[in-house]
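> Mind looking at a prediction? Sequence and model below.
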Amino acid sequence: MREQVEAVLDQVRPFLQRDGGDVELVDVEDGVVKVRLKGACHG
């Protein structure tokens, strides 16, 4: 499942980066995906 989530994030990441942000996969456990928003996207 982690690989599938990474693949989706790789598709979304360019759009976030255009706005000065990024996303990092923190964990995938029991069907729960945890991400960290960075740059202009955090908060």
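Thanks, I have it. Numbering: from 1, shown residues only.
> Spatially nearest residue to residue 27 (excluding sequence neighbours)?
Using C-beta to C-beta, 6 or more residues apart in numbering and skipping residues adjacent in sequence, the residue nearest residue 27 is residue 34, 4.5 Å away. Yep, even glycine has a C-beta here, placed from its N, CA and C like the rest.
> count of residues packed around the one you found?
Residues lying near residue 34 (other C-beta atoms under 10 Å) number 11.
> Which strand residues bridge residue 22?
residue 38 (DSSP bridges).
> how many neighbours does residue 23 have?
By other C-beta under 10 Å, the residues close to residue 23 number 19.
> Let me see the contact set for it.
9, 12-13, 16, 35-38, 41 (C-beta atoms under 8 Å, 6 or more residues apart in numbering).
> Run through the strands of this protein in chain order.
Ranges of strands within the chain are 21-29, 32-39, based on DSSP state E.
> angle of the first one against strand 32-39?
Inter-element angle recorded for strand 21-29 and strand 32-39: 160 degrees (by axes from the mean of the first three to the mean of the last three C-alpha atoms, to 10 degrees).
> buried ones in strand 21-29?
22-23, 28 (16 or more other C-beta atoms under 10 Å).
> For that strand, give the mean pLDDT please.
Average pLDDT, strand 21-29: 95.
> Against residue 29, how distant is the most centrally placed residue in the chain?
In the chain, the C-alpha closest to the average C-alpha coordinate belongs to residue 23, at a distance of 3.5 Å (C-alpha atoms, centre = their mean). Per C-beta to C-beta, to the nearest Å, residue 23 is found 18 Å from residue 29.
> Noted, bye for now.
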